[in-house]
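Undergrad: let's see this in three dimensions:
(one chain, ligands or ions: 1)
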Amino acid sequence: MTGTGTLTTPLAKVWTKADLLDFIGANMKGVRLIVVSNREPYSHRHTDSGIQCMQPASGLATALDPVMRACGGVWVAHGSGNADREVSDEHGRISVPPDDPAYTLRRVWLDKQLEDEYYYGLSNEGLWPLCHIAYHRPRFTQRNWDSYRRANRIFADAILEEAAGEPAFVFIQDYHFGLLPRMLKNDAPNLLVAQFWHIPWPNRETLRAFPWKEELLDGMLGNDLLGFHLRYHCANFLNAVEREVEAKVDRAHAEITRGGKSTMVRPFPISIDFEWHNDASQGPEVESAIPAWRQRIGVMPEFLGIGIDRLDYTKGIPERLRAFDLFFENNPEYRGRVGFAQVGVPSRMEIGDYQEINNEIDREASRLNEKWGSGDYQPLHFFRGEYSQTQLMALHRLSNFCMVTPLHDGMNLVAKEYVASCFDEDGVLILSSFAGAAQELTDALMVNPFSTDEMANAILHAVTMTPEERHRRMRRLRTAIAENTIYRWAAKILMTLLRMDSAESGDS
Ligand code: F6P
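TA: Numbers count the residues shown, from 1 in each chain. Presented below is the predicted three-dimensional model:
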């Protein structure tokens, strides 16, 4: 149909951006790629110094932007910036990145009520807690589900307009679009549709609580290819389908057939641009951002730990602060010697549970500092706000260890970014065993984030670890990420789609 038939690049290699570009050049001539996500990769906002183009603090956008730069094509996303309409054409289109245009961003407009009900309501008060199982009760209302359906339809129409009746690969991102694949396939069977679900998929007992599970599963079975981070999430999905809808589940091939149409279910653990992080973290820009952190922190402790998270209840931030409290209780000799810098990026603040987690973090932070601070020494430095990649790398550079301890996470790219910044192989990663990244980063200090004792012990291990052990662990962690880059993730998905495409058109 669209691809060039036989694939020219084997997968067992380290994938760089140049490799992906070569692969696309050799195999994807004539293939049109349409990426879909709720969050846009670039947003335009009014500021005191005029309209500014920003890149949102989103793992998804950060991961896919380099891929789109390499592939070209169209990215369809919700236009959420308050100056977006002013800079887009009458179809909501704009070329990005602004300083070096490589692909088209097609913005979809949603009114405030629809955004409240589809994005904050169904997606983030319903599906988010349901899939993360982080002891936050999901909320479901018929009104939000209707808006979710309506928003999916609006996106479907924009995509169909972009495809203009021609074949294309449509690559949908995340849990905001469970119904979109079926809508697209019904209206344009010539589209090859794939979806990547960036958050966990829950076990079937948990999914039972979702009132519209059949419609959701049916929507997702409109995909030709459905990806999750982990094999475990794929297995949960197969179990759910088997239980809830009429379909044939072929476990050996991880393939589901419903109504004569089949969906392949596969794990694709997402990653980062390792080479870029590794190089940039050694560069002059990062170097010159370090003094500002020293100034913000004031008296530098002998050992500095860091945490970088969106302010989300799944990230386990209060639990982490309680672990510091216990660490000082158990090891008072470290008072004054160990400090922790926590960056918290505000997120989804229209939702009550997010306002509460912010308040809880503030309470725990004050408690910790009141109890263990003295004179100039403050054990915790909490930085609420958005920081650039350069600033975050500077913080990586300044630290001795990093805590990534979510209660549950699909992957968690912060863990991978920290490791990529440790170019001198000196640094310790404390990682939750409930982050998807734990499957690959097995040389981290693994913790159960629900166990305060385990986390306090891990902090002690981090600050007492011998240089030999630090280097040995970090070297292995870096190898794991260098071998599985974001470009490999993208290549694996594109290769799978190309194979499906040529099988369909009888090429083989
Ligand atoms: O982890 C899931 C996810 O949707 C990411 O894909 C995204 O980077 C992050 O949550 C932030 O979400 P939002 O777009 O709602 O700010």
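
Undergrad: secondary structure class for whatever residue of the stretch 251-400 of the chain ends up closest to the ligand?
TA: Nearest residue of the stretch 251-400 of the chain to the ligand: Ser347, at 5.4 Å (C-beta to the nearest ligand atom). Heads up, the C-betas are built off the backbone N, CA and C, glycines and all. Following DSSP: H, G, I helix; E, B strand; the rest coil, we place Ser347 in the coil state.

Undergrad: and the pLDDT for it?
TA: At Ser347, the model reports a pLDDT of 95.

Undergrad: how about Leu60?
TA: 74.

Undergrad: count the residues that sit near it.
TA: Here the count is done by other C-beta atoms under 10 Å, and Leu60 has 18 residues near it.

Undergrad: also Asp99?
TA: So Asp99, with other C-beta under 10 Å, has 6 neighbours.

Undergrad: just to be sure, it is in a helix?
TA: No - under three-state DSSP, Asp99 falls outside any helix and is assigned coil.

Undergrad: look up how far Gly92 lies from it.
TA: 21 Å (C-beta to C-beta, to the nearest Å).

Undergrad: before we move on, back to that, tell me the contacts of the residue of the stretch 251-400 of the chain closest to the ligand?
TA: Arg310, Leu311, Asp312, Tyr354 (C-beta atoms under 8 Å, 6 or more residues apart in numbering).

Undergrad: need phi/psi at the closest residue to the ligand within the stretch 401-508 of the chain.
TA: In the stretch 401-508 of the chain, no residue comes nearer to the ligand than Gly410, which is 5.6 Å away by C-beta to the nearest ligand atom. Dihedral pair for Gly410: phi -60, psi -60, per degrees, to the nearest 10.

Undergrad: what's the average pLDDT for the host helix or strand of Ala462?
TA: Using DSSP states H and E, Ala462 sits in helix 452-464. If you average the pLDDT over helix 452-464, you get 98.

Undergrad: so Ile272 sits in a helix?
TA: No - counting by three-state DSSP, Ile272 is not part of a helix but coil.

Undergrad: compute the first-to-last residue distance for stretch 428-442.
TA: In stretch 428-442, first residue to last residue: 12 Å (C-alpha to C-alpha, to the nearest Å).

Undergrad: which is the next helix or strand following the helix or strand bottoming out on mean pLDDT in the chain?
TA: Within the chain, confidence by mean pLDDT, DSSP states H and E is lowest for helix 59-71 among all helices and strands, at a mean of 79. The helix or strand immediately downstream of helix 59-71 is strand 74-78, counting by DSSP H and E.

Undergrad: report the buried residues of stretch 417-430.
TA: Using 16 or more other C-beta atoms under 10 Å as the test for burial, stretch 417-430 gives Glu417, Tyr418, Val419, Ala420, Ser421, Cys422, Phe423, Glu425, Gly427, Val428, Leu429, Ile430.

Undergrad: re earlier: list the buried residues in the helix holding Ala462.
TA: Using 16+ other C-beta under 10 Å as the test for burial, helix 452-464 gives Thr452, Glu454, Met455, Ala456, Asn457, Ala458, Ile459, Ala462, Val463.

Undergrad: surely the last one and Phe401 touch.
TA: Read that as Val463. Yes - if you go by C-beta atoms under 8 Å, Val463 and Phe401 touch, sitting 7.3 Å apart.

Undergrad: give me the common contacts of the two.
TA: Phe303.

Undergrad: and the stretch 51-200 of the chain, which residues reach the ligand?
TA: Counting by C-beta under 6 Å from any ligand atom, the residues of the stretch 51-200 of the chain lying close to the ligand are Ser58, Gly59, Leu60, Asp174, His198, Ile199.

Undergrad: pick out the residue in the stretch 151-300 of the chain sitting closest to the ligand.
TA: For the stretch 151-300 of the chain, C-beta to the nearest ligand atom, closest residue to the ligand: His198, 4.1 Å.

Undergrad: hang on, isn't Ile199 packed against Asn124?
TA: No - proximity of Ile199 to Asn124 does not meet the contact threshold set by C-beta under 8 Å, at 10.6 Å.

Undergrad: was I right to think Pro379 contacts Asn369?
TA: Yes - contact status for Pro379 versus Asn369: in contact at 6.3 Å, counting by C-beta under 8 Å.

Undergrad: which of those two has more neighbours?
TA: A count of neighbours by other C-beta under 10 Å puts Pro379 above the other of Pro379 and Asn369, at 25 against 17.

Undergrad: how about the more buried one: what's its closest non-neighbour residue?
TA: Excluding the flanking residues, the one nearest Pro379 by C-beta to C-beta, 6 or more residues apart in numbering is Trp372, at 4.7 Å.

Undergrad: pull the number of nearby residues for the one you found.
TA: Neighbours around Trp372, by other C-beta under 10 Å: 22.

Undergrad: begin at 4 from now on, thanks
TA: All right, first residue 4 from here; so that's Trp375.

Undergrad: which residues does it contact?
TA: By C-beta under 8 Å, 6+ apart, the neighbours of Trp375 are Asp328, Phe331, Arg338, Pro382.

Undergrad: narrow the residues you listed to those that are buried.
TA: Asp328, Phe331, Pro382.

Undergrad: inside helices: which ones of those?
TA: Secondary structure from DSSP state H places Asp328, Phe331 of these in helices.

Undergrad: and the buried ones among the contacts of Trp375 as TSV, adding distance to the ligand and pLDDT?
TA: Below are those laid out as TSV (distance: C-beta to the nearest ligand atom, whole Å; pLDDT from 0 to 100):
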residue	distance to the ligand	pLDDT
Asp328	28	98
Phe331	32	98
Pro382	29	97
